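**Student:** next comes the sequence, and after it the predicted model I'd like to discuss.
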Amino acid sequence: MKFWRPEELPVNYNADEDEKKYWKRYNSGASKGIYMAIDASRPMITHFLEGNMREKNIKRSDVAFVLNDKDGWGESEATRAYVFDARVDQADVVCLNGYFHVLDKVLVPPANMAEVIRENNDTKVFSHILDRFSAPFYNDVLTKTYQARYSAAVDSVFEKRYFSINSRSGRLQTEPNEKLPNDRIPLLPYDPGWNAYQLSSSVPSVEDMAAMFVPDDAAMTDYFVSQGGRSLIERYAKKPNTKENLLENIDQIPLDIIQALVNNLMKNSFIETVPSKYYTIMNDARDQMFPPSQYPSEAAYKAVFTKTLMANNGVVYVMNRVVSPADYAAVIAPALYNSNTQVMRTVVRADDSYIQGSDYSRAPLKQYFSTYLKAMQSRFSFFIPEDEGLNSYGYVDPASMANSNNVSNFRYYRFRPEDTRGVGGALAVGAWPVTYKPATGQQPGDKIMNGTTYASPANQSLNVGMGAVKRSLLIEMVNHHIIVHGSDDTKGVETAQKYFLSRDGAPVIVKTSNRGVGMEVNGGFQEQLEGTPAAYTSTVKEVYDLTRETNKGYGNGKTYILDRPMQATTVTAYKAIKGHTQFKKFLDLCTGMSTALLEKAGFNAPFLVAGADDAKHSGWLKSAAKYEFFVRGESGGLQYNVANDDRLVRLFNNYRYTIYAPTDAAIDAELAKGLPTWDKISDYLDTNLQAEVKLAADKSNQDEYDRVNKHNDAVKAKAQAMVTVLVNFLRYHFQDESLFVDQVSHTGDYATACVNERTKAYLSLSVTQTPGQLSLKDKAGRTVTVDGTTHNILARDANFNKGMTLITSSSYSVIHQINSALLFDGELAGGYAQAWSSPKKARAFVAKFRIKD
């Protein structure tokens, strides 16, 4: 601990008043200088002992490199031991009261990594950047100890600490002289000034230390003046981009953006970063930080470093180059450094500092969007709505529209970047409700609702009330704006294709032939509004090419800045089908089942127990539910929460689907071939079932009892086959994956909701897509072509929570009209009655095509 003169303290040239200048009070003005310790924890001593090295797979050559030993340490040489960089010449010399070791030099314990970097002559630029994450914190213990020891009139002694996820007091996110954490402070992965660095609470300090890869000043200058970092200087700097202005210009880069560069170079484990393990050192995208294509050998890797610096809490590898983070190369980059994308930046980075260990449970969104968007082996189209559009036009709350038929309750939310004011579990985005008017849609002139009933300011917890609604809407919005392409798809959305699927399955529709600036894109909600005064599209204002083809092999797609967000449809598959009168008979068949009919057909027989009311038997009710298609309320032990006049497809499971809806004429054609209806099955049972006979105590009526049971069993077997035929006929029109009539060419087999119990496989449809057409081949070998005019009807089955305030799960589907129905079993091509032509055949058919949940 010493007195630090003003010129020795960190300086921050950032001109943004929102960035706190924690050191300004002490390096300028009246209070010049400060009594300060570089850390208040006890320093550690590093030993390199061969037994421990072998246990941790550290080679002798690794230690020689770390200690800057140019002569090396060969595997055939004698065993050595080091304390820091001092070699043990004589070990375990016995004394009366212990042992001592003879070293080859005077042992001078080094400082911590932050201080070693600061003191090193050619890492001043990186040290300057690192110190923007630091602040002086008053330390009462140090103050009192100093006053007692030196009797000095020093009223305050401080310690230098770094805002970080991992520090001696855990997550350090509270500013000096404040009590509440500020979750807008960008954090380092750990405090580089923490003498007693500990990788995690489960790994003692003595077992490992940290490592940092620090570019030297020449490399940093080249990077920001003429190489990859030049774009950041050009975007943010106030002065010409020269070596003389370097520090001042770098300081204009916002802290949460320069954070990515620093964090990428800070590694938690020294053991995992020694030179012999360089292939396994990962960057912020979990890609190889030093790929073999650029570093083909360990010698080539080592040539990158000019020196190493030993610290008491880690090792600093000084490099002659800068390794850019994936943050700067991935599609997330424009969200980070665009001044009008603060809302999206806040959401996609919300979980960034909660990746380590048990921190996951504390992550506000638990989505880790930025980690996902930095997958450099993937290809994305990432759409980012501007703050202006999110504030002016907002995002419709689908729960408000499903919760009430009263349009005065319909709402949309305006999202704004705001301060959480230190509230934990909050998000720096405010959500402000506005009444949605179907006649006019979302308009900038609409007034925010009075009161706070539906509002969610930034300082509200995301786990309760409208905070949970905001969380749900923001997660949905981000997922809807991410499209994942195939790894070899170099064109993304810039093709003739019109329909794409977002990450969560919601369709994204490109409306214009132009695929650059000016491109118009829609979500299902916008398609739903077409032709009404409320109609709108989302327009691309900027395009960022971050593909690997144009970025020296390291990129993962394109980013499109939108004037306002897209949004998914609010129409369910049930409502969409019901809204087309030509599908009435198909819908009637899907909704005509009753539990009473199933019981009459004997499906409940396996669940009957003596003295039990089978109608209330939970096992039977769960089994009966699998015959349903459109449900509301409880079904089979699951809850389906939707508006009173709506239904959800029970076959759906938080995925994306296609429904092929036969017209009434197509259904009539199948009925003519013997396809049963629910009414016909019920009539057959009523007509053919005989009154049950109770067996007499003396069994005098045994023959009559057996005859009636045998007769009724045969009737029920046929009825069960009829039900199985009808349900499978309907299920075969529900297919996994959403396929569109579009300008694409593709052929594939896709699973339907039918199962062949013998093969334990879902029955498939062979689907062929050609430009402007979609053809289906069913199990009877018949080819059916989707109608040329009525197709690509978009639907979303949103299941809400019990209070109908937010969506808990949802499935997306596209509905196509077909003018001929599909057949799930080729053996029925000659007529459906073949399935129940005899009781034996009926039972065999039911066994083969048993309805599965």
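**Tutor:** Arrived safely, thanks for sending. Numbering: from 1, shown residues only.
**Student:** from Trp678, how far out is the spatially closest residue to Lys584 that is not a sequence neighbour?
**Tutor:** Counting by CB to CB, 6 or more residues apart in numbering, the nearest residue to Lys584 once its immediate chain neighbours are dropped is Asp664, at 6.0 Å. (Each C-beta comes from the backbone N, C-alpha and C, glycine too.) Distance, Asp664 to Trp678, by CB to CB, to the nearest Å: 16 Å.
**Student:** which of these two has more residues huddled nearby?
**Tutor:** Trp678 (17 against 14; other CB atoms under 10 Å).
**Student:** does that one touch Leu726 like I think?
**Tutor:** Yes. Using CB atoms under 8 Å, Trp678 is in contact with Leu726, at 7.3 Å.
**Student:** overlap in contacts of the two?
**Tutor:** Leu589 (CB atoms under 8 Å, 6 or more residues apart in numbering).
**Student:** hey, C-alpha coordinates of the helix or strand harbouring Ala211 in PDB?
**Tutor:** Following DSSP states H and E, one finds Ala211 within strand 210-215. Extracted in PDB, the C-alpha atoms of strand 210-215 (Å, rounded to 0.1, in the frame of the first residue of the first chain):
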ATOM      1  CA  ALA A 210      -5.700 -17.400 -14.300                       C
ATOM      2  CA  ALA A 211      -4.200 -16.500 -17.600                       C
ATOM      3  CA  MET A 212      -4.400 -13.500 -19.900                       C
ATOM      4  CA  PHE A 213      -3.400 -13.100 -23.500                       C
ATOM      5  CA  VAL A 214      -2.400  -9.500 -23.800                       C
ATOM      6  CA  PRO A 215      -1.400  -7.800 -27.100                       C
END
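**Student:** contacts for it?
**Tutor:** Strand 210-215 is contacted from outside by 113, 117, 123, 125-126, 190, 192, 197, 199, 223, 265-270, 273, 289, 313-323, using CB under 8 Å, 6+ apart.
**Student:** show me the helices in the stretch 701-850 of the chain, by range?
**Tutor:** 702-731, 839-848 (DSSP state H, counting those that start in this stretch).
**Student:** quick one: find the helix or strand in this structure with the lowest mean pLDDT.
**Tutor:** helix 618-625 (a mean of 88; mean pLDDT, DSSP states H and E).
**Student:** helix or strand right after that one?
**Tutor:** strand 630-631.
**Student:** just checking: what are the partner strands of that next one?
**Tutor:** strand 648-649 (antiparallel) (DSSP bridges).
**Student:** now the partner strand, how far from the centre of its chain.
**Tutor:** Mean C-alpha position of strand 648-649 versus that of the full chain (CA atoms, centre = their mean, to the nearest Å) differs by 25 Å.
**Student:** can you name the next helix or strand after that strand?
**Tutor:** Counting by DSSP H and E, what follows strand 648-649 is strand 656-662.
**Student:** contact partners of that following strand?
**Tutor:** 501, 505, 573, 577, 580, 583, 586, 649, 651, 670, 733-739, 750, 776, 784, 786, 795, 811-822.
**Student:** tell me the angle of it relative to helix 702-731?
**Tutor:** Orientation check (axes from the mean of the first three to the mean of the last three CA atoms, to 10 degrees): strand 656-662 against helix 702-731 gives 110 degrees.
**Student:** Arg782 and Ser820: what is the separation?
**Tutor:** According to CB to CB, Arg782 stands 7 Å off from Ser820.
**Student:** what do you get for His733?
**Tutor:** From His733 to Ser820 the distance is 12 Å (CB to CB).
**Student:** have a look at the two and say which one is more surrounded.
**Tutor:** Neighbours per residue (other CB under 10 Å) separate His733 from Ser820, with His733 holding more: 25 against 17.
**Student:** hang on, isn't the more buried one packed against Phe824?
**Tutor:** No. Using CB under 8 Å, His733 is not in contact with Phe824, being 9.2 Å away.
**Student:** need the overlap of contacts for the two.
**Tutor:** With CB under 8 Å, 6+ apart, His733 and Phe824 have common neighbours Thr752.
**Student:** can you tell me the element the residue of the chain positioned farthest from its centre falls in?
**Tutor:** Distance from the centre of the chain peaks at Ser700, with 71.2 Å (CA atoms, centre = their mean). Counting by DSSP H and E, there is no helix or strand that carries Ser700.
**Student:** need the pLDDT of it.
**Tutor:** You'll see Ser700 listed with a pLDDT of 90.
**Student:** I'd like the domain boundaries of the protein, if you could list them.
**Tutor:** 2-42+111-328, 47-103, 359-570, 573-848 (automatic domain parsing).
**Student:** quick one: closest of the ones you listed to Gln342.
**Tutor:** Between Gln342 and the domains of the chain, the shortest separation by CB to CB is 3.9 Å, and it involves domain 359-570.
**Student:** from the chain's centre, how far out does that closest one sit?
**Tutor:** 14 Å.
**Student:** Glu634: how many residues sit nearby?
**Tutor:** 12.
**Student:** kindly report the same for Arg132.
**Tutor:** 26.
**Student:** contacting residues around it?
**Tutor:** Contacts of Arg132 by CB under 8 Å, 6+ apart are Pro10, Asn12, Asn14, Asp251, Leu255, Ile258.
**Student:** repeat that for Asp797.
**Tutor:** Asp797 makes contacts with Thr572, Ala573, Tyr574, Leu648, Val649, Phe652, Ser810, Ser811, Tyr812, Ser813, as judged by CB under 8 Å, 6+ apart.
**Student:** so which of those is the most crowded?
**Tutor:** Ala573 (28 neighbours).
**Student:** how about it, nearest residue that isn't a chain neighbour?
**Tutor:** Per CB to CB, 6+ apart, closest to Ala573 is Ala795, 4.1 Å.
**Student:** cheers, nothing more for now.
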